[in-house]
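K.L.:
with the input below, show me the fold.
(2 chains)
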Amino acid sequence: MPIAGWCQPVLGLLAAPLLLGIINRVKALFAGRQGPPLIQPYRDLYKLLGKGATYSKTTTLVFRLAPAAGLACVVLALTLLPLGASRAVLAFPGDLVLLIYLLGLVRFLTVIGALDTGSSFEGMGASREVQFSALAEPVLLLVMAGLARQGDSLSLSGIYPAVTAATWMEAGPALALIAAALLVVLLAENSRIPVDDPNTHLELTMIHEVMVLDYSGPDLAAILYGASLKLWVFGSLLVGVCVPVRTGWAIVDVPAFLAGMLVVAVLVGVVESIMARLRLLRVPQLLIGAGAMAMLALVLVVR
Amino acid sequence: MQAWTDLILIAIVLTNLALSGLGSLGTCIHVMALQGVLLGLVTVGVQQGAVSLHGLVLVTGTVVIKGFVFPKLLRRAIREANIRQEVEPFVGFSSSLLIGTLSLPLAMWLSSRLPPIDPGVPSLLVPVSLHAIFVGLLLIVSRRKAVTQVLGYLALENGIFVFGVGLARQATLLVEMGILLDVFVAVFVMGIAIFHISREFDHIDTDQLSLLKE
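P.N.:
Coordinates of the predicted model:
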């Protein structure tokens, strides 16, 4: 197994919370504030790990297991992702389906953890989360189908190394549509602004945040870290399409990839600063619009 | 050149999808105007650099009429008839967008069944025109207001226009200008009709016009 494949999971595990730091910093700059230091998410995680956890008497084992199991799923998803021209740690035909289902499993675990608390607010958040991801998941599948057809491979490690500058010259419109659809999915799945506001703690408007209200201490740390890893996974899916640097030398590919991730984080921060949250009724429209773009890309690629 | 034409055709598909999913009349008219300008560009792309007086007149006519005159007429109709800025669909926006998306593979399949036209014509041209026709039909059938039905009619006509651009590259200027003039008059008349309907019945809900039997 090549060493290069380990770059992605190691970088992800180390640098994922930094993405949240960058996003918060960009938002602070837009608001005219100085903002928290970039390493604030690491400090938060460290602080939470040192605390004890409180469990409600109505919860069961499900509630305690969900954060750890969810984190394990995201870490596994991370090992499926290639970086640059190298293969991922785990690579086999059809691993793109595994990736999508691992992300689905993370969501499922969060949802049953939320339902286990018996709180009506958390149930409502769970219902919204499932409703929106039921629309976001087909978009991701369509995107993957388009990329798989373009790269002529069923493995992420075959698809992503095949996206080069030449591919952009040849099938630029399709790839641009795929990137746009992926960006919408990224925003929706990571509960960022046009879909959900990660800062809000007003019960009736929350989607994702409401589901994790009852967690504390190390469990909350696992959830926050898992969320940042999930952002990293979607970010690297997007960067893999948009930054076609595939030299095969880690010394060129890795900085290009990291620069791409930085741009994605800044982009998310800018979107959050200049856009308002959509009304809940408009969110399905946004996701179906992304689905329409992914479908158009698929049709263009298959043609 | 071919790549640019493809890009413009894809942009036309996107404008059509936007038309089927947008809820504000003003935005829909903006999108329609953009589509008109894109249509003019497609005409340039298909003629492949062979600049002739005929082509130039057609492109200018298309861009001016579809990109600027129609939106102006529609906006005036909306202003004079005091129409509210919502589309009011029978079929919801999400469903319309879904139908618009699903008609894309259908258009692809249909165009693959048709005999191929001139090899110089981009292969996306026929599917895009069929998709525009489907979306136009959808807008005419599924919207409540007369103005949105005019928009649907325009989308439909744009589809036929795209088809014509590919099919009849040698067609005479007179025929094409005649078609443009027809559509112009149609939109003009529809604008006046909408105004009069709204003055007589204080709404332009075409659904209720079927009750006027006597």
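
K.L.:
show me the contacts for the most centrally placed residue in chain B.
P.N.:
Taking CA atoms, centre = their mean, the centroid of chain B lies closest to B:A155, which sits 1.9 Å from it. Residues in contact with B:A155 (CB atoms under 8 Å, 6 or more residues apart in numbering or on different chains) are B:16, B:19, B:32, B:35, B:132, B:135-136, B:139. All C-beta atoms are positioned from the backbone trio N, CA, C, and that covers glycine.

K.L.:
read off the pLDDT value for it.
P.N.:
B:A155 carries a pLDDT value of 88.

K.L.:
nearest residue to it in space, please, no chain neighbours.
P.N.:
Nearest non-adjacent residue to B:A155, counting by CB to CB, 6 or more residues apart in numbering or on different chains: B:G136, 3.7 Å away.

K.L.:
and for A:L300?
P.N.:
Nearest to A:L300 is A:A174, by CB to CB, 6+ apart, at 4.2 Å.

K.L.:
just checking, the one you found touches A:V143?
P.N.:
No. Using CB atoms under 8 Å as the test, A:A174 is too far from A:V143 to be in contact (10.7 Å).

K.L.:
those two: which is more packed in?
P.N.:
A:V143 (30 against 27; other CB atoms under 10 Å in any protein chain shown).

K.L.:
quick one: low-confidence parts of chain A?
P.N.:
Along chain A, the model assigns pLDDT under 70 to residues A:1-2, A:200-205.

K.L.:
if we can go back for a sec, ok, so of the contacts of B:A155, who is nearest chain A?
P.N.:
Of all the contacts of B:A155, the one with the least separation from chain A (CB to the nearest CB) is B:N16, at 10.0 Å.

K.L.:
look up phi and psi at that closest one.
P.N.:
Main-chain dihedrals, B:N16, degrees, to the nearest 10: phi -70, psi -40.

K.L.:
what pLDDT is listed against it?
P.N.:
90.

K.L.:
that one against B:G100, yeah?
P.N.:
Yes. Contact status for B:N16 versus B:G100: in contact at 6.7 Å, counting by CB under 8 Å.

K.L.:
what sits against residue 148?
P.N.:
Picking chain A for this. A:96, A:154, A:159.

K.L.:
not quite, go with chain B.
P.N.:
By CB under 8 Å, 6+ apart, the contact list for B:T148 reads B:25, B:28, B:87-89, B:139.

K.L.:
could I get these as JSON lines with pLDDT, secondary structure and distance to A:V89?
P.N.:
Compiled in JSON lines, the contacts of B:T148 are given as follows (pLDDT from 0 to 100; DSSP: H, G, I helix; E, B strand; the rest coil; distance: CB to CB, whole Å):
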{"residue": "B:L25", "pLDDT": "81", "secondary structure": "helix", "distance to A:V89": "53"}
{"residue": "B:C28", "pLDDT": "86", "secondary structure": "helix", "distance to A:V89": "49"}
{"residue": "B:V87", "pLDDT": "70", "secondary structure": "coil", "distance to A:V89": "50"}
{"residue": "B:E88", "pLDDT": "73", "secondary structure": "coil", "distance to A:V89": "54"}
{"residue": "B:P89", "pLDDT": "77", "secondary structure": "strand", "distance to A:V89": "49"}
{"residue": "B:L139", "pLDDT": "87", "secondary structure": "helix", "distance to A:V89": "50"}
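
K.L.:
could you dump these to CSV with neighbour count and distance to A:V184?
P.N.:
As requested, the contacts of B:T148 are arranged in CSV below (neighbours: other CB atoms under 10 Å in any protein chain shown; distance: CB to CB, whole Å):
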residue, neighbour count, distance to A:V184
B:L25, 21, 25
B:C28, 25, 21
B:V87, 23, 22
B:E88, 14, 26
B:P89, 18, 22
B:L139, 27, 24
